[in-house]
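A.B. asks: Provided below are the primary sequence and the corresponding predicted coordinates.
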Amino acid sequence: MHAWGPEQKPDSSARDALGHQELWNLVERVCNSRQFHRSTRLRGLLRYLCRRAWDEGAEEIKEQEIGMALFERRANFDYSQDTLVRVQASQLRKRLERYFSEEGAAEPFLIEIPRGSYLPAVVRRGASDSGEPGEAEAGPDPPRRQWLVITLAGLCVALSAACFWLWQRPAQQAADDRKVHEFWNAFSANGRENYIVLADSAISAVQDALRHQIGLDDYVRRSYEAELDREQLPAESRALIRYLMARRYTSLADVFIVRQVAQARLLDPDKTTVVFARDHNVRAFQRSNNLLVGSQRAVPWVSLFDDKLDFHIYDRPSDFHLAQDAATSRKRVGNRRPKPGEPAVFETDTRRPEGSEGFSLIAYIPNLSRNGNTLILAGTEMSGTETAGMLLTTESWISALMNRLPRQANGTIPHFEALLKTRQVENATRSFEIVAIHIH
């Protein structure tokens, strides 16, 4: 990308030389390129920014305006905490750079979105030097809170450090692991956009505090925020919940899985976006491939597919509460369509001195329009979700699963659900066994 110095005015002269109609012809060539043709959201963002700047003469385009116009955000959305617009703008910058360095390498004029602005810039090729100053962070520093919030902040620092350490560790799997790549190639073979949807750890805590489930519609519209005022909760608790929900916390299991997928290049980085559950939208489940990391409790979007699954993790507030951490607790997974010899409910033993048991679920099913794929990795606890990710990114583990899957007539992998029973010590999986596989 290009950075504009104080004497560089990229827009007016280049735009005048190119002409209005040719400007839009250039935009359409970009949108029809292989870097953009499967990304409806990025095409829409580029066209919107260009229309506002070139046809409507906007001198400034604000983040809040984009969120409302394109991403169904309300007028009062907190853009200092809701990063969806910035994430999409960052993706747009990367795609534009790739287009003009590859498929559009012969284009004499470039379209760019300069850092710190949403106004598109047009520049002659070679007219500026390369460089990318850091993007400024938006939003005020969090206010000082009572000791509980200070403790939470300390935990977040520890989590960030752990995430950084985990990301920096060298990946265990080799790039030529055949079975691993066979599975992930099947997941993305349709060429559609891929989304990795991270768990919303805060919504799990809020559901426990409210002692009832927050449905997908309430989650998307964020109507649960008004419900806090109706609940018989101390003012301090309500303030703390709002503090949590204004931020984006996920789990180490999600970090581990994203790291494995990225470092082994299991998905095309140019067609893959990592998105927080709160920032996703239903259209992506109709037109794209989606990897959901977590159960319905932390990823409410799983509810879109729950009635299509044979296995149901009992993890909603009506099924799960803090009592599950007791020594006598059992984890349960419902089996809606048992095969001969299978129970209607899979259940763990009580906790023993040598460790505890849990379940992991891998569900590989079609998307809502059946033109793409959905992959759900979930567990009865965080280590269970991590185990599901480890199985699909570790050659020896995934081989045990793939060898039990039939092949379709064309040799491809069928859609399926696999249920694993895991054994943990100190919240880390020690071993697992595949207890059930259902083919869709």
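C.D. replies: Perfect, I can see it now. Keep in mind that what you see is a predicted model, and the values were worked out from it rather than measured.
A.B. asks: C-alpha from now on. contacts and neighbour counts both.
C.D. replies: Fine.
A.B. asks: bridging residues for I313?
C.D. replies: Beta bridges link I313 to V333, judged by DSSP bridges.
A.B. asks: where are the low-confidence patches of this structure?
C.D. replies: 1-13, 77-81, 127-176, 227-233, 315-329, 350-354, 426-427 (pLDDT under 70).
A.B. asks: Kindly report the domain assignment for it.
C.D. replies: 12-124, 147-439 (automatic domain parsing).
A.B. asks: and these as TSV, adding mean neighbour count?
C.D. replies: As requested, the domains of the chain are arranged in TSV below (neighbours: other Cα atoms under 10 Å):
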stretch	mean neighbour count
domain 12-124	16
domain 147-439	17
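A.B. asks: Quick one: the helices in the stretch 51-200 of the chain, in order.
C.D. replies: Assigned by DSSP state H, counting those that start in this stretch, the stretch 51-200 of the chain shows helices spanning 63-70, 84-101, 147-168, 178-188.
A.B. asks: and the first one, how far out from the chain's middle?
C.D. replies: This points to helix 63-70. 20 Å (Cα atoms, centre = their mean, to the nearest Å).
A.B. asks: where along this structure do the strands fall?
C.D. replies: 109-112, 121-124, 194-198, 272-276, 289-293, 311-313, 332-335, 345-347, 356-366, 373-379, 416-425, 428-439 (DSSP state E).
A.B. asks: is the closest residue in space to S356 that isn't next to it in sequence in a bridge, and if so with what?
C.D. replies: The shortest distance from S356 to any non-neighbouring residue, by Cα to Cα, 6 or more residues apart in numbering, is to Q424 (5.3 Å). Counting by DSSP bridges, Q424 is bridged to S356, T429.
A.B. asks: do the same with V197
C.D. replies: V275, L292.
A.B. asks: A53 is nearest to which of the strands of the chain?
C.D. replies: A53 lies closest, by Cα to Cα, to one member of the strands of the chain: strand 121-124, at 9.2 Å.
A.B. asks: Neighbouring strands of that closest one in the sheet, and parallel or not?
C.D. replies: Assessed with DSSP bridges, strand 121-124 is paired to strand 109-112 (antiparallel).
A.B. asks: ok, residues contacting the strand it pairs with?
C.D. replies: Here strand 109-112 makes contact (Cα atoms under 8 Å, 6 or more residues apart in numbering) with 1-2, 14, 18, 93, 96-97, 100, 120-125.
A.B. asks: tell me which of these is nearest to A75?
C.D. replies: Nearest to A75 among the contacts of strand 109-112, with distances taken as Cα to Cα, is P120, at 23.4 Å.
A.B. asks: residues touching the residue nearest to the closest one when sequence neighbours are not counted, list them.
C.D. replies: Closest residue to P120 apart from its sequence neighbours, by Cα to Cα, 6+ apart: I113 at 4.7 Å. Residues in contact with I113 (Cα under 8 Å, 6+ apart) are A89, R93, L119, P120, A121.
A.B. asks: again with E381
C.D. replies: Contacts of E381 by Cα under 8 Å, 6+ apart are G358, F359.
A.B. asks: Got phi/psi on it?
C.D. replies: phi -160, psi 170 (degrees, to the nearest 10).
A.B. asks: Against V123, how distant is it?
C.D. replies: E381 sits 52 Å away from V123, going by Cα to Cα, to the nearest Å.
A.B. asks: I'd say D279 and L84 touch.
C.D. replies: Yes. With contact defined as Cα atoms under 8 Å, D279 counts as touching L84 (5.9 Å).
A.B. asks: about what we covered before: how much space is there between the residue nearest to P120 and Q88?
C.D. replies: Taking Cα to Cα, one finds I113 at 12 Å from Q88.
A.B. asks: Kindly report the same for A239.
C.D. replies: Distance from A239 to Q88, by Cα to Cα: 30 Å.
A.B. asks: Might you report the residue contacts of the nearest residue to T422 once chain neighbours are set aside?
C.D. replies: Excluding the flanking residues, the one nearest T422 by Cα to Cα, 6+ apart is F432, at 4.2 Å. F432 makes contacts with L420, K421, T422, R423, as judged by Cα under 8 Å, 6+ apart.
A.B. asks: how about 10 Å then?
C.D. replies: By Cα atoms under 10 Å, 6 or more residues apart in numbering, the residues touching F432 are 357-360, 384, 387, 391, 397, 420-424.
A.B. asks: How about S223?
C.D. replies: I214, G215, D217.
A.B. asks: So which of those residues sit within helices?
C.D. replies: Judged by DSSP state H, those include D217 as members of helices.
A.B. asks: Let me have the contacts of S223 in JSON lines, adding distance to R370 as columns.
C.D. replies: Below are the contacts of S223 laid out as JSON lines (distance: Cα to Cα, whole Å):
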{"residue": "I214", "distance to R370": "27"}
{"residue": "G215", "distance to R370": "24"}
{"residue": "D217", "distance to R370": "22"}
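A.B. asks: That'll do, ta.
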